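Undergrad: no sequence for this one, just the structure:
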């Protein structure tokens, strides 16, 4: 059982000012930072790989008629190239940010994602794949180790969103928006944290892994129903990309909250494990 | 002025980012470490199972082409002008029966027609109907020696710098029942753009393995000493030899 969930309310009742708890186990902290590194490498090398075929189709084989996302560029009458991003047929001009952009070597070229966000910076599908396929293993191993360690310490049970948390989601959001004075009672994690972590651990992460595997012709031959279930190989590429967008969305929300809710305390808890509970934390289920 | 300065500094910061990525990528030790996943992928995935079979209505009538241009050298051009009547596929190396196969002989051996999906390493896919000689059947005819471990495909095409294209498969994986020496695409003999007269078609691996314009098949005990030693043109240029993922 976690230290924060049990005795914390009693200590709070005693009016203790500094409620320092051991919040994250070594396994949690280690896998967190390994997964962070892997996440950066996988996103950057993934965008490098995407650049080789900068479009996503909701189909098995490539089919321009079912194109959902497309990044490219057009050259205007005066001869200047300008990028575009097309989503569901809506064309968004992207100038020199996407489509015609930084080639990673100090110049510009026709290329979906710019060199500053790809790995390697210059266009090189072979090396992008090398990074991606190595760190995919790292991410999966770290993810499984996190789940197993969390399940053994019963931490995982505290992070999963439960039906009883659902009515607390809106009050918690109102509290974050300062439209409500007190948050609803919660334990180690508040209901919105549970929602975010549950989505990442049990929706986005499995989806990103399974859709990635479905892209492999070798795995498709071994486990055909997987690719079919995802709508085919090109659709699996679309799922893979969508899950990445979900994970990037989580990343920004996560970092914003880490920074805005006591950055030193938050970072310390993920480095040494030690965390000082806020006045509302650890009081409820 | 301020805006220009801001732009200039953001551009240099951004260029710096690509610079770090490039430096990491160019480090030989890191490059070697991240390349180690290939062996694991090969062991775990391998060439097992069966590629999905499709129906007639899934076929791409305009099957996409990729890779190098159709070979422009005079040997290939001469063969193509006669409809490959003088073409002969050489089989040599670690075989008990080195042999030349004419196109007519290969046609007589053709016994497998399958509609499969071609998955390019770039990410796109296309579906075609392939007809040809199962590679397993072909290998049984030429009788590889006990030393043979790899099947190496030498092709007519060359990179712009003149390097010839070649590919290779593990001899056990080459015998996968869906691997073909393809002669026809979508009911017609292969046209020059799609690899005429003979190409490899291996639906359990990525497209760059499916070498086009094959002129010679060499059975080999090892890949060292064959061109760059990587087992293929793209492998010599950084791509994985195991192309199942």
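TA: Nice, I can see it. In this text the structure is predicted, and so the values were computed from the model without any measurement. Numbering: from 1, shown residues only, chains lettered A, B, ... in the order given.

Undergrad: may I have the phi/psi pair for residue B:143?
TA: With angles defined as degrees, to the nearest 10, residue B:143 sits at phi 50, psi 80.

Undergrad: ok, for it, nearest residue in space, not its chain neighbours?
TA: residue B:96 (3.9 Å; Cβ to Cβ, 6 or more residues apart in numbering or on different chains). Bear in mind the C-beta positions are built from the backbone N, C-alpha and C, glycine included.

Undergrad: from residue B:146, how far off is the one you found?
TA: Separation of residue B:96 from residue B:146 (Cβ to Cβ, to the nearest Å): 10 Å.

Undergrad: those two: who's more crowded?
TA: Regarding residue B:96 and residue B:146, a neighbour count based on other Cβ atoms under 10 Å in any protein chain shown identifies residue B:96 as having more, with 12 against 8.

Undergrad: what residues does stretch A:41-49 touch?
TA: Applying Cβ atoms under 8 Å, 6 or more residues apart in numbering or on different chains, the contact partners of stretch A:41-49 are A:112-113, A:117-120, A:123-125, A:127-129, A:131-132, A:135-136, A:139, A:240, A:244, A:247-248, B:21, B:123.

Undergrad: mind doing that once more with 7 Å?
TA: Contacts to stretch A:41-49, defined as Cβ atoms under 7 Å, 6 or more residues apart in numbering or on different chains, come from residues A:113, A:117-120, A:125, A:128-129, A:131-132, A:135-136, A:139, A:244, A:248, B:21.

Undergrad: ditto for stretch B:125-139
TA: In contact with stretch B:125-139 (Cβ under 7 Å, 6+ apart) are residues A:60-62, A:233-234, B:54, B:58-60, B:63-64, B:106, B:109-119, B:174-175, B:177, B:179-187, B:201.

Undergrad: next structured bit after the least confident helix or strand in chain B by mean pLDDT?
TA: Using mean pLDDT, DSSP states H and E, the weakest-scoring helix or strand in chain B turns out to be helix B:2-26, at a mean of 70. Following helix B:2-26 in sequence order, the next helix or strand is helix B:28-34 (DSSP states H and E).

Undergrad: can you show me the helices along chain B?
TA: B:2-26, B:28-34, B:37-44, B:74-81, B:103-109, B:135-142, B:171-174 (DSSP state H).

Undergrad: wait, which of the ones you listed is closest to residue A:281?
TA: With Cβ to Cβ, the closest approach to residue A:281 among these belongs to helix B:2-26: 36.8 Å.

Undergrad: and the gap between residue B:177 and residue B:130?
TA: For residue B:177 relative to residue B:130 (Cβ to Cβ), the value is 13 Å.

Undergrad: what of residue B:66?
TA: From residue B:66 to residue B:130 the distance is 16 Å (Cβ to Cβ).

Undergrad: wait, doesn't residue B:91 sit right on residue B:99?
TA: Yes - proximity of residue B:91 to residue B:99 meets the contact threshold set by Cβ atoms under 7 Å, at 5.1 Å.

Undergrad: between these two, point out the one with more neighbours.
TA: residue B:91 (21 against 16).

Undergrad: let me see the contact set for that one.
TA: Under the criterion of Cβ under 7 Å, 6+ apart, the neighbours of residue B:91 are B:98, B:99, B:142, B:217.

Undergrad: check the second one and give its pLDDT.
TA: Looking at residue B:99, its pLDDT is 93.

Undergrad: quick one: it and residue B:106 touch, right?
TA: No - between residue B:99 and residue B:106 there is no contact under Cβ under 7 Å: 11.3 Å.

Undergrad: in what helix or strand does the residue of the stretch 151-285 of chain A found nearest chain B lie?
TA: Closest contact between the stretch 151-285 of chain A and chain B, by Cβ to the nearest Cβ, is at residue A:218 (2.7 Å). Following DSSP H and E, the helix or strand that holds residue A:218 is helix A:217-222.

Undergrad: could you check the helix or strand following that helix against chain B for contacts?
TA: Downstream of helix A:217-222, the first helix or strand assigned by DSSP H and E is helix A:224-229. Yes - using Cβ under 7 Å from any Cβ of the partner chain, helix A:224-229 reaches chain B at residue A:224.

Undergrad: can you point out the buried residues in helix A:224-229?
TA: Buried residues in helix A:224-229, counted by 16 or more other Cβ atoms under 10 Å in any protein chain shown: A:224, A:226, A:227, A:228.
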